[in-house]
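Asker: Fold the following, please.
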Amino acid sequence: LMNHEIFGHPTDLPWGFRFIENLHQWHYLGAEPIFTAPSHPTQIYEAICYIIVFILLMYMYWKRNVGDRPGLIFGVFLIGIFLSRFCIEFLKNNQEDFEENMILNMGQLLSIPFVLAGIYLAIRAMKRPIVSGRIENIKPYRIIFSVSFTTGHSCNRIIYRISVRFDIRTTLSQIQQKNI
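Answerer: Predicted coordinates for the structure are as follows:
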């Protein structure tokens, strides 16, 4: 809402929001603001959808033990976020001129692969056997941490590379026993 960009089509609904069309001229040059007709506040719609997805995911994790099905929460996340974006894009004004003759705009086309990936992950997670989410079943793993940066002058460039390798051999239960 604050940037006055990528808002929806005009609406007669009571929560329609009037955006400033000449925001930069009004803000920087002191021109009189030119308001749009009341339009859908699609930014608020998206924020509400994202909050609903967050609540759903928290419910699934804490109350339905979905953490025992690897990939399901992430799949539902992708479906919830990008399907809501796909639907809300129908209410938005086109961002670019080339979108005028398109059936689906660019935001919708870019959302489709993520929805399909979410559906795939959710179906795959439901078909796989339940895996216990207990921390004792986690195997130790190795993390390789690498940082690279360059420094030098115009003729010579020196590259420094720092590599740190360490093993994580402590599980959460061991940490809790030590009260770290």
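
Asker: just the helices in this structure please.
Answerer: Secondary structure of the chain (DSSP state H): helices located at 23-29, 42-63, 72-88, 106-127, 172-178.

Asker: quick one: the third one to helix 106-127, angle?
Answerer: Here the directions of helix 72-88 and helix 106-127 differ by 150 degrees (axes from the mean of the first three to the mean of the last three C-alpha atoms, to 10 degrees).

Asker: Just the residues contacting helix 72-88, thanks.
Answerer: Residues from elsewhere that reach helix 72-88 (C-beta atoms under 8 Å, 6 or more residues apart in numbering): 42, 45-46, 49-50, 52-53, 56-57, 60-61, 66-67, 107-108, 111-112, 114-115, 117-126. For every residue, glycine as well, the C-beta is placed using N, CA and C.

Asker: Packed most tightly, which of the helices of the chain would that be?
Answerer: The highest average neighbour count among the helices of the chain, using mean count of other C-beta atoms under 10 Å, belongs to helix 72-88 at a mean of 19.

Asker: Return it as CSV; C-alpha atoms alone will do.
Answerer: This file holds the C-alpha atoms of helix 72-88, laid out as CSV (Å, rounded to 0.1, in the frame of the first residue of the first chain):
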residue,chain,number,x,y,z
LEU,A,72,4.5,-32.4,3.0
ILE,A,73,4.8,-29.1,4.8
PHE,A,74,7.0,-27.7,2.0
GLY,A,75,4.6,-28.9,-0.6
VAL,A,76,1.6,-27.4,1.1
PHE,A,77,3.6,-24.2,1.5
LEU,A,78,4.3,-24.0,-2.2
ILE,A,79,0.7,-24.7,-3.1
GLY,A,80,-0.7,-22.2,-0.6
ILE,A,81,1.6,-19.3,-1.4
PHE,A,82,1.6,-19.7,-5.2
LEU,A,83,-2.0,-20.7,-5.7
SER,A,84,-3.1,-17.6,-3.7
ARG,A,85,-0.8,-15.5,-5.8
PHE,A,86,-2.2,-17.1,-9.0
CYS,A,87,-5.7,-16.2,-7.9
ILE,A,88,-5.0,-12.7,-6.7
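
Asker: Serialize the helices of the chain to CSV and add fields for distance to residue 36.
Answerer: As requested, the helices of the chain are exported to CSV (distance: least, C-beta to C-beta, whole Å):
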stretch, distance to residue 36
helix 23-29, 11
helix 42-63, 13
helix 72-88, 18
helix 106-127, 20
helix 172-178, 53
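
Asker: Tell me which of those helices lies nearest to residue 13.
Answerer: Shortest distance between residue 13 and those, using C-beta to C-beta, is found for helix 42-63: 11.3 Å.

Asker: Name the nearest residue to residue 96, ignoring sequence neighbours.
Answerer: The shortest distance from residue 96 to any residue other than its chain neighbours is 7.1 Å, reached at residue 106 (C-beta to C-beta, 6 or more residues apart in numbering).
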